[in-house]
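Visitor: need coordinates for the below:
(one chain, ligands or ions: 1)
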Amino acid sequence: MGAVLITGASRGIGAACAREFAREGYAVAVHYRQSEAQALALCEELTAAGHEAAAVCADVRDSAAVRRMTALVEERFGFIDVLVNNAGVAMQKLFTDTTDSDWDDMIASDLSSVFYCCRAVAPAMIREHRGCIVNIASMWGEVGASCEVAYSAAKAGVIGLTKALAKELGPSGIRVNAVSPGVVMTDMMAGFSAEDVAALKDETPLCTLGAPEDIARTAVFLASDRARYITGQVLGVNGGMVI
Ligand code: NAP
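Guide: Take a look at the predicted model:
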């Protein structure tokens, strides 16, 4: 199946992606920044189940660190067949309270990171005339969220990057797509009260919130040959919240 590099795989959606891709037979590079123990435990779990996995550390806001990370993964696995750009942070703040550093950090974490990772893997993919990139966007990047202007702008940027890069890399045999999740229960939702979560559920046509596996299975599909004619698309996995 080849190898997949999943950023932010220590927790949440990224960890679910690591498990799903491993089950499909991929060797998995489990990227993390701070959650080393969780990343190592996940690698142990995957190798104990007979899969190939290795943990790699980098701050995805740092272009040089991203280059070192992809070089390490290429050294270990030979070629990165699939890149899943999942690492990211969220921030709820009134627009007028958003500082320059809040803004810069959000763009660095959620948008520049995707640019750095794509740019680091693209040359080898172009050389090999194969490869696939799956970016994890957000429904707020499609429709905007109140008190999440910076996050919405960064994720809208990811969607624009996905569409443009798909056009540029398509002739090189590389597909680039995005998954656009709705509300998914992970650590990212820790700041939401039980009432907020209940209200979000009520607003969702399918009356339930997403699980990390819902996003992971979609990422696996987009990376698979079943999606061989799909590129430049933003696939909403949101229970009908954004249609
Ligand atoms: P999460 O549980 O908070 O996990 C975030 C992951 O990103 C962690 O593995 C973290 O690594 C990594 N990360 C954050 N900043 C990083 C940095 N500067 N450098 C390297 N790694 C970094 O989040 P999640 O809910 O799984 O979200 C994953 C993705 O889905 C994000 O892009 C998010 O915007 C998107 N999304 C989530 C939801 C949702 O409702 N949960 C909805 C729409 C979109 P460490 O812990 O190792 O530092």
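
Visitor: residues contacting the lowest-mean-pLDDT helix or strand in the chain, please?
Guide: Ranking every helix and strand in the chain by mean pLDDT, DSSP states H and E puts helix 194-203 at the bottom, with a mean of 94. With contact meaning C-beta atoms under 8 Å, 6 or more residues apart in numbering, helix 194-203 is reached by 183, 185, 189, 192, 207-209, 241. (Glycine included, C-beta is placed from N, CA and C.)

Visitor: ok, now stretch 158-177?
Guide: Contacts with stretch 158-177, where a contact means C-beta under 8 Å, 6+ apart, come from 85, 110-111, 114-115, 118, 122, 125-126, 129-137, 141-142, 178, 180, 222, 227-228, 230-235.

Visitor: mean confidence score for that stretch?
Guide: Across stretch 158-177, pLDDT averages out at 99.

Visitor: near the ligand, anything from that stretch?
Guide: No. Stretch 158-177 does not reach the ligand (C-beta under 6 Å from any ligand atom); its nearest approach is 8.3 Å.

Visitor: chain center to that stretch, what's the gap?
Guide: 15 Å (C-alpha atoms, centre = their mean, to the nearest Å).

Visitor: with stretch 121-138 instead?
Guide: 13 Å.

Visitor: would you mind listing the buried residues in that stretch?
Guide: By neighbour count on 16 or more other C-beta atoms under 10 Å, the buried set for stretch 121-138 is 121-122, 125-126, 131-138.

Visitor: now stretch 104-117
Guide: Quick answer for stretch 104-117 (16+ other C-beta under 10 Å): 105-117.

Visitor: out of these, who's near the ligand?
Guide: Within the buried residues of stretch 104-117, those near the ligand by C-beta under 6 Å from any ligand atom are residue 109.

Visitor: which one of the buried residues of stretch 104-117 is nearest residue 64?
Guide: residue 116 (9.0 Å; C-beta to C-beta).

Visitor: just the CA trace of the strand or helix carrying the closest one, in CSV.
Guide: Residue 116 is part of helix 113-128 when elements are defined by DSSP states H and E. What follows is helix 113-128, C-alpha atoms only, in CSV (Å, rounded to 0.1, in the frame of the first residue of the first chain):
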residue,chain,number,x,y,z
SER,A,113,1.7,24.3,8.0
VAL,A,114,-0.2,22.8,5.1
PHE,A,115,1.8,24.8,2.6
TYR,A,116,5.1,23.7,4.2
CYS,A,117,4.1,20.0,4.3
CYS,A,118,2.8,19.9,0.7
ARG,A,119,5.9,21.7,-0.6
ALA,A,120,8.2,19.3,1.2
VAL,A,121,6.6,16.1,-0.2
ALA,A,122,5.7,17.4,-3.7
PRO,A,123,9.2,17.1,-5.4
ALA,A,124,9.4,13.3,-4.8
MET,A,125,5.7,12.9,-5.8
ILE,A,126,6.3,14.8,-9.0
ARG,A,127,9.4,12.8,-9.8
GLU,A,128,7.5,9.5,-9.2
